[in-house]
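Just to be clear, the model below is a prediction. Sequence and coordinates:
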Amino acid sequence: MKTITHIVGRIVLYVLLTGSSIVMAFPLFWMISTSLKSLDEANASRIVWVPTKILLDAYRFILTDPDFLRSYFNSIFYSVLALAGTLLSIAAVAYAFSRVEWPGRNVVFFLMLSTMMIPAQALIVPQYVFFNKIHWVGTFNPLIIPGYFAGGAAMVFLLRQSMAQIPKEMDESAFMDGASHLQIWWEIVLPLVKAPLATVATFLFVGFWNNLLGPLIYTQTTSMYTLPVYVAQLFNINSQVQPWPTMMAASVLTTVPLMVLFFFAQRYILEGVLITGLKG
């Protein structure tokens, strides 16, 4: 009886997981399907689930558009630079909160976590005024430089929880051998938190890559548009018939790097979340 109940439970679980996967994957299916349709099928009053004839016209248009290629380069440039500085600064701050004893550490950590309760929208105006006064508007600086000061309290918390699980005896042994905090952080701690570090890097990159509001506010010129801004600007074409295949093709090409990233990083993401959640 127990075996039958167990089998039924597993079947129900698999059915629920399969159904949830289909629901979650449907937007991706619709995006790819629409990108391969003709303009008439994409704008038809009835739903066309699968194109009657696969067309690559939208992809040809996008891949030969110099604005799209420039936006792709801008997204890579901005995301990589922002990721490198933000990841290193977050790892350094997490080390300071987890491995170094200093007065007021817990109070500062609490204040840092408190910033998570501030809506990002509430900071748009004061941030814009500040960046405008230092003449950063119209550059990538407002999108890249702030992250170099450990932007992202949630990511600091995740790494701090992971680093706190490393035995302190390793630090003491390294100090006895003449190592500094910088050497311990770089040569001992960071290699031991590869999975959480990969998880944080993935989340940060996705956030930078998909960022629409920041580039829309600060770049202000077509030559500096990132991919989300480029796709959004496709809606501004002076036509009553929206070019859905073109927009979906641009969206598919924008999503490809993220799908590749998740494919290679999924093992580290799961491991990092499990380590932090179970031992934190």
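In hand now; what should we look at?

list the contacts for residue 41?
When contacts are counted by Cβ atoms under 8 Å, 6 or more residues apart in numbering, residue 41 touches 48, 51-52. Where C-beta positions appear, they are placed from N, C-alpha and C, glycine not excepted.

which one of the residues you listed is nearest residue 178?
Minimum distance to residue 178 across those is 67.0 Å, recorded for residue 51 (Cβ to Cβ).

May I have the phi/psi pair for the closest residue to that closest one other than its chain neighbours?
In space, and not counting its chain neighbours, residue 51 is closest to residue 37: 4.2 Å by Cβ to Cβ, 6 or more residues apart in numbering. Backbone torsions of residue 37, given as degrees, to the nearest 10, read phi -90, psi 170.

And the pLDDT at residue 37?
As predicted, residue 37 sits at a pLDDT of 91.

how about it, what does it touch?
Here residue 37 is in contact with 48, 51, 55, 244-245 (Cβ under 8 Å, 6+ apart).

Mind giving me the ChimeraX command for buried ones among the residues you listed?
The buried subset of these, as determined by 16 or more other Cβ atoms under 10 Å, is captured in ChimeraX by this line:
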select :51,55,244,245
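
any chance you could map the strands in the stretch 151-280 of the chain?
For the stretch 151-280 of the chain, applying DSSP state E, counting those that start in this stretch gives no strands.

any low-confidence regions in it?
237-242, 272-280 (pLDDT under 70).

Could you measure from the residue nearest to residue 51 over to residue 106?
57 Å (Cβ to Cβ, to the nearest Å).

which residues touch stretch 126-137?
Here stretch 126-137 has contacts from 141-142, 145, 217-218, 220, using Cβ under 8 Å, 6+ apart.

average pLDDT across that stretch?
pLDDT averaged over stretch 126-137 gives 94.

tell me which residues in that stretch are buried?
Under the neighbour-count criterion of 16+ other Cβ under 10 Å, stretch 126-137 has 127, 131, 136-137 buried.

With secondary structure and distance to residue 152 added, can I get those in CSV?
Output for the buried residues of stretch 126-137, formatted as CSV (DSSP: H, G, I helix; E, B strand; the rest coil; distance: Cβ to Cβ, whole Å):
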residue, secondary structure, distance to residue 152
127, helix, 15
131, helix, 19
136, coil, 20
137, coil, 23
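
quick one: the longest helix anywhere in the chain to chain centroid distance?
Using DSSP state H, we find that the single longest helix of the chain is helix 244-279. Remark: helix 244-279 is offset 8 Å from the chain centroid, using Cα atoms, centre = their mean, to the nearest Å.

counting contacts, what elements does that helix pack onto?
Using 3 or more Cβ pairs under 8 Å, 6 or more residues apart in numbering; DSSP states H and E as the contact definition, the elements that helix 244-279 packs against are helix 2-35, helix 39-42, helix 57-63, helix 66-99, helix 153-163, helix 194-209, helix 227-233.

Dump the ones you listed into a markdown table; add distance to residue 268 as well.
Converted to a markdown table, the helices and strands packed on helix 244-279 look like this (distance: least, Cβ to Cβ, whole Å):
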| stretch | distance to residue 268 |
| --- | --- |
| helix 2-35 | 21 |
| helix 39-42 | 38 |
| helix 57-63 | 31 |
| helix 66-99 | 14 |
| helix 153-163 | 12 |
| helix 194-209 | 4 |
| helix 227-233 | 25 |
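
So for residue 262, which of these sits nearest?
Across these, residue 262 has its closest neighbour in helix 194-209 (7.1 Å, Cβ to Cβ).

from what I can see residue 228 touches residue 210, true?
Yes: counting by Cβ atoms under 8 Å, residue 210 is a contact partner of residue 228 at 6.1 Å.

So for the two, which residue has more residues nearby?
Each of residue 228 and residue 210 has its neighbours counted (other Cβ atoms under 10 Å); residue 228 has more, 21 against 15.

residues in contact with that one?
Per Cβ under 8 Å, 6+ apart, neighbours of residue 228: 75, 210-212, 215-216, 254.

So how do I select the buried members of those in PyMOL?
Buried residues among those (16+ other Cβ under 10 Å), as a PyMOL selection:
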select buried, resi 75+211+215+254
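
Sitting in strands, which of the contacts of residue 41 do you find?
With strands taken from DSSP state E, there is no overlap with the contacts of residue 41.

Now the residues you listed in JSON lines, please, with extra columns for distance to residue 27.
Converted to JSON lines, the contacts of residue 41 look like this (distance: Cβ to Cβ, whole Å):
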{"residue": "48", "distance to residue 27": "16"}
{"residue": "51", "distance to residue 27": "17"}
{"residue": "52", "distance to residue 27": "22"}
